[in-house]
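>>> Have a look at this prediction, sequence included:
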Amino acid sequence: RCHRRALDDEPVPHLRPPCSGRGAGGRFPRLHKGAPGGHRAGHLDFLRQMERCVVISLGQVEYLRAWDLQRRLHQQVADGALPNLLLLLEHPHVYTLGRRGKTSDILVSDEALSRLGAEVHEIDRGGEVTYHGPGQLVGYPIVNLRAWGGGPLKYVETLEQVLIATLAEFGITGESADRP
């Protein structure tokens, strides 16, 4: 089964998790406060509060093209013109430098970057340096936090707890460093 890429209308395969990768009985992971990993009260309540989240699979997209798309979609989600979104994609080799990042944080030589065809982009998000590349699934949630009733820090903490709970459903231990 195929659907269309949102960027260029090319058909791409529909992505689904393998049946063997689901929780017991073929169900998707259950997210509940009693799951291994210890959830803080209220972190998973946001799942009940979100009306809908549309998942869009884009295939491989150049970083700056994906960044531009996120900015355009963000405004529409914030204005209520679009529902919450989750963009799933891959990037060609790219390093991003967040607000705290320095080029010295990239631990490969300029020659290695050149051989890979890797790009380096300074961005206005937090953090230091992040690598993305082919075969790495990247998820960009675009969520109306005002409608949800929490701020960015609460959202990131909640998302972290959801990921830890999901990993636990697959028998993988995740943990939080308890810092942004």
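Received it, and whenever you're ready, just let me know what you need.
>>> In this protein, which helix is the longest?
Identified as the longest helix of the chain according to DSSP state H is helix 152-169.
>>> Looks like residue 129 contacts residue 100 (just checking).
No: counting by CB atoms under 8 Å, residue 129 stays clear of residue 100, with 9.2 Å between them. Every C-beta, even on glycine, is put in place using the N, C-alpha and C of the backbone.
>>> out of those two, which sits in the more crowded spot?
Taking neighbours as other CB atoms under 10 Å, residue 129 and residue 100 compare with residue 129 leading, 17 against 11.
>>> Now do the same for that one: its pLDDT.
On pLDDT, residue 129 comes in at 94.
>>> List the beta-bridge partners for it.
Residue 129 has these beta-bridge partners by DSSP bridges: residue 97.
>>> Show the contacting residues for it.
Residue 129 sits next to 95-98, 101, 105-106 when contact means CB atoms under 8 Å, 6 or more residues apart in numbering.
>>> now do residue 112
For residue 112, the contact set (CB under 8 Å, 6+ apart) comprises residue 118.
>>> let's go with 6 Å and repeat that
With CB atoms under 6 Å, 6 or more residues apart in numbering as the criterion, no residue contacts residue 112.
>>> go on, residue 78?
Residues in contact with residue 78, defined by CB under 6 Å, 6+ apart, are residue 144.
>>> Can I get the longest helix of the chain in CSV, CA atoms only?
C-alpha atoms of helix 152-169 as CSV (Å, rounded to 0.1, in the frame of the first residue of the first chain):
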residue,chain,number,x,y,z
PRO,A,152,7.4,23.4,25.9
LEU,A,153,9.3,22.0,28.9
LYS,A,154,6.3,20.1,30.2
TYR,A,155,5.7,18.7,26.7
VAL,A,156,9.3,17.5,26.3
GLU,A,157,9.2,15.9,29.7
THR,A,158,5.9,14.2,28.8
LEU,A,159,7.1,13.0,25.5
GLU,A,160,10.2,11.6,27.2
GLN,A,161,8.0,9.6,29.6
VAL,A,162,5.8,8.3,26.7
LEU,A,163,9.0,7.1,24.9
ILE,A,164,10.2,5.4,28.1
ALA,A,165,6.9,3.7,28.6
THR,A,166,6.8,2.6,24.9
LEU,A,167,10.3,1.1,25.2
ALA,A,168,9.3,-0.8,28.4
GLU,A,169,6.5,-2.4,26.4
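>>> Done for today, thanks.
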